[in-house]
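In: predicted model follows, preceded by the sequence.
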Amino acid sequence: MTPDRIGALARELRGSVSTDPGALARAGRDGSHLSGRPLAVVAPRDADEVGVLVRWARHERIGLVPRGAGTSLDGESVPRDGTVVVDLSGWTAVREVRAEERWARVDPGVVNRTLQSVLEPLGWFFPPNPGSWATSTIGGHVGTNASGPRSFRYGPTRAWVRGLEAVLGTGERVRLGSRAPKRSLGPDLLGLLVGSEGTLGIVTEVTVGLAPLPGVRRGLVVPLPPDVALGRLSAALGSAPGTGLSAIEYLDTECARDLAEDRGAAWPTGAALLLLEVEAADPGEADARQARIARRLESAGVRAPPLVYDDANRLWSERGESGRVLDERFGERIREDIAVPVPAVDALRAAIDRIAAREGVRVFVFAHLGEGSLHPNFVVDPSGPAAARIRDALYAESLRLGGTISGEHGVGALKAPYVARELGPTAVGMLRAVKRACDPDGILNPGKLYPPPEAG
């Protein structure tokens, strides 16, 4: 693209159009090890300007890559060389909150923690809380169907999106969903865009559902004996009545130790940890629920007393540092995200250790145990041949056990070649048909989510 064509685009928009080398370098990376070199970074002011940008890109046959905070871990927001990054990080308005109707209307660049700070004084909250909640945006949550510890009780982002506005790859603007609590109106078009990673439309506004804020949110950290069956323990806790559990999480021994050493976490070291969140109306109810949990744990052979966090957010903030601590200690590595049925967790955990031993690499594991969602971190060059072997083996094990290649991080560029393994050719054909309908020229986030032709 010549400078004249960039200048022509800049004259059509009030928002900035930057070719500054520093801006291009920053926009060329996300939380993964991948990188790209965009032609420009464009920050449109509003949905009308996004429409102008999409029509321009369609005419010029240039790809557009929507971007919020850039926290994605599988290359969802990494641009292919020669594409244009659409920077939505400045779209940060919480436009409307209707607590009595249990929804809020927000810009896609609103950070999760910022939204929670607006809602908390009103007695409400937005349930999805990924580990990156202090920096990741609502638009990014929609793009990858993000989850987090509390999705054990509340489900992923998809369950909390009431509606959205987006500009499709045709340049047309659509509004999908409804503010009504429920609706029966054919196939779920709104659901198609949630998890689509910006490949069908550029989201310009989101209406999210809200939940009442519990009176007490208590965190519990429980050391685990080395021989405990994780799947059986998770199932026992998840099926216990009257516990108020909203999260059942796991940290292996090494992760727990490193967080204590590098971040000053006060929890016990020398054992893997079970991390729980208990919700209750008041402290008395929380005490009763904690006692029920203790009895269920004891029946499963877990007898160590818990470390109690009166503020569960502090626990999740400390837990959320796991990835950053590993970044500091080991740099780039494989940061994986697979999920299996809860009874298969121990088989997957054993397979992870076998894969690491076979390749002669270290592995660190943390998990959303209540949902069978594991995050193994293999300390190996993520772009090398060993990494390819590890991914192949890991995905094969997850699928063999009835699971998925992506529990919550999405697909991006890293996992796109493996999508056909899970979906099969007929479902891949359906996926591509939706893409053609919404983005006939393939300009939206090219190279992401959809398997290359040779892969299915």
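Out: Yep, that arrived.

In: tell me the centre residue of the chain?
Out: Nearest to the mean C-alpha position of the chain, counting by CA atoms, centre = their mean, stands A146 at 3.2 Å.

In: give me the element that one is part of.
Out: Per DSSP states H and E: A146 is located in neither a helix nor a strand.

In: quick one, what contacts the nearest residue to it once chain neighbours are set aside?
Out: Spatial nearest neighbour of A146, excluding adjacent residues (CB to CB, 6 or more residues apart in numbering): P130 at 4.6 Å. C-beta: built from backbone N, CA, C; applies to glycine. Residues near P130 by CB atoms under 8 Å, 6 or more residues apart in numbering: 112, 136, 141, 146-148, 408.

In: try it again with 6 Å
Out: 136, 146, 148 (CB atoms under 6 Å, 6 or more residues apart in numbering).

In: could you say which helix or strand contains it?
Out: Judged by DSSP H and E, P130 forms part of no helix or strand.

In: then the one 3 residues further on?
Out: In the assignment (DSSP H and E), W133 maps to no helix and no strand.

In: quick check, it in contact with V110.
Out: No - using CB atoms under 6 Å as the test, W133 is too far from V110 to be in contact (11.8 Å).

In: domains of this structure?
Out: According to automatic domain parsing, the chain is divided into the following domains: 3-87, 94-212, 216-252+273-311, 332-414, 417-455.

In: run a quick neighbour tally on T92.
Out: 16 (other CB atoms under 10 Å).

In: in a helix, it, correct?
Out: No - per DSSP: H, G, I helix; E, B strand; the rest coil, T92 lies outside any helix segment and is coil.

In: so what's L24 closest to, chain neighbours aside?
Out: That would be P38: by CB to CB, 6+ apart, it lies 5.6 Å from L24.

In: what's near enough to touch the one you found?
Out: Contacts of P38 (CB under 6 Å, 6+ apart): 24, 27, 79, 83-85.

In: also L449?
Out: Neighbours of L449 in contact, by CB under 6 Å, 6+ apart: 197, 199, 411, 416.

In: one step back: out of the domains of the chain, which gets nearest to E321?
Out: E321 sits nearest to domain 94-212 of all the domains of the chain, at 8.4 Å, using CB to CB.

In: for D381, report the pLDDT, please.
Out: Per-residue confidence (pLDDT) for D381: 97.

In: ok, the residue nearest to it when sequence neighbours are not counted - how many residues close by?
Out: Ranked by CB to CB, 6+ apart and with sequence neighbours excluded, the top spatial neighbour of D381 is A387, at 6.2 Å. Using other CB under 10 Å, A387 is surrounded by 20 other residues.

In: what is the burial count for the closest residue to V161 other than its chain neighbours?
Out: Of all residues not flanking V161 in the chain, V194 sits nearest, at 5.4 Å (CB to CB, 6+ apart). As a burial measure, V194 scores 24 neighbours (other CB under 10 Å).

In: check contacts around V194.
Out: 142, 145, 158, 161.

In: any idea how far the helix or strand hosting the first one is from the chain center?
Out: Which is V142. Assigned by DSSP H and E, V142 belongs to helix 138-144. Remark: helix 138-144 is offset 8 Å from the chain centroid, using CA atoms, centre = their mean, to the nearest Å.

In: rounded mean pLDDT for that helix, please.
Out: 98.

In: same question for stretch 164-174.
Out: So the average pLDDT for stretch 164-174 ends up being 98.

In: from the chain's centre, how far out does it sit?
Out: Worked out by CA atoms, centre = their mean, stretch 164-174 lies 23 Å from the chain centre.

In: buried sites along it?
Out: Neighbour-count burial for stretch 164-174, counted by 16 or more other CB atoms under 10 Å, picks out 164-171, 173-174.

In: which of these sits closest to L275?
Out: For the buried residues of stretch 164-174, the nearest to L275 is L164 (31.9 Å; CB to CB).

In: number of nearby residues for the closest residue to D107 other than its chain neighbours?
Out: Excluding the flanking residues, the one nearest D107 by CB to CB, 6+ apart is W91, at 3.8 Å. Neighbour count for W91, taken as other CB under 10 Å: 24.

In: equivalent analysis for K435, please.
Out: So K435, with other CB under 10 Å, has 18 neighbours.

In: likewise for L401?
Out: 18.

In: over to E205?
Out: Residues near E205, counting by other CB under 10 Å: 20.

In: three-state assignment of it?
Out: strand.

In: could you do A304 as well?
Out: A304 - assigned by three-state DSSP - is coil.

In: re earlier: how near is the residue nearest to A146 to V325?
Out: 17 Å (CB to CB, to the nearest Å).

In: what's the pLDDT at the nearest residue to G242 once chain neighbours are set aside?
Out: The shortest distance from G242 to any non-neighbouring residue, by CB to CB, 6+ apart, is to R292 (5.6 Å). For R292, the pLDDT comes out at 97.

In: can you give the distance of the helix or strand of the chain with the lowest mean pLDDT from its chain's centre?
Out: Every helix and strand of the chain was ranked by mean pLDDT, DSSP states H and E. The lowest is helix 3-12, at a mean of 80. Centroid separation for helix 3-12 versus its chain: 35 Å, with CA atoms, centre = their mean.

In: go through that helix and flag the buried ones.
Out: Buried residues in helix 3-12 (16+ other CB under 10 Å): 6, 9-10.

In: helices along the stretch 51-200 of the chain, start to end?
Out: 112-119, 138-144, 151-154, 189-193 (DSSP state H, counting those that start in this stretch).

In: thought E76 was touching V411?
Out: No - E76 is beyond contact range of V411, at 7.6 Å (criterion: CB under 6 Å).

In: quick one: which of the two has more around it?
Out: E76 (32 against 25).

In: against G412, how distant is that one?
Out: From E76 to G412 the distance is 4 Å (CB to CB).

In: low-confidence stretches in this structure?
Out: For the chain, the stretches with pLDDT under 70 are 1-3, 454-456.

In: ok, back up a step: what values do phi and psi take at the residue nearest to V161?
Out: V194 adopts backbone torsions of phi -70, psi 120, taken as degrees, to the nearest 10.

In: could I get the full set of strands for the stretch 251-400 of the chain?
Out: 273-280, 307-309, 334-335, 338-339, 363-368, 373-378 (DSSP state E, counting those that start in this stretch).

In: buried ones in the first one?
Out: What that stands for is strand 273-280. Buried, per 16+ other CB under 10 Å, within strand 273-280: 273-280.

In: let me know the closest of the residues you listed to L210.
Out: E279 (15.2 Å).

In: bridging residues for the closest one?
Out: Under the criterion DSSP bridges, E279 forms beta bridges with R217.

In: what sits against it?
Out: 214, 217, 244, 246.

In: count the neighbours of G51 for me.
Out: 19.

In: so how far is A57 from it?
Out: 11 Å.

In: and for G75?
Out: Counting by CB to CB, the gap from G75 to A57 is 20 Å.

In: next one: L176
Out: In terms of CB to CB, L176 sits 22 Å off from A57.

In: on that earlier part again, just send the buried residues of strand 273-280 back as JSON lines, with distance to L237 too.
Out: Listed next are those as JSON lines, based on distance: CB to CB, whole Å:
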{"residue": "L273", "distance to L237": "14"}
{"residue": "L274", "distance to L237": "9"}
{"residue": "L275", "distance to L237": "12"}
{"residue": "L276", "distance to L237": "8"}
{"residue": "E277", "distance to L237": "12"}
{"residue": "V278", "distance to L237": "11"}
{"residue": "E279", "distance to L237": "14"}
{"residue": "A280", "distance to L237": "16"}
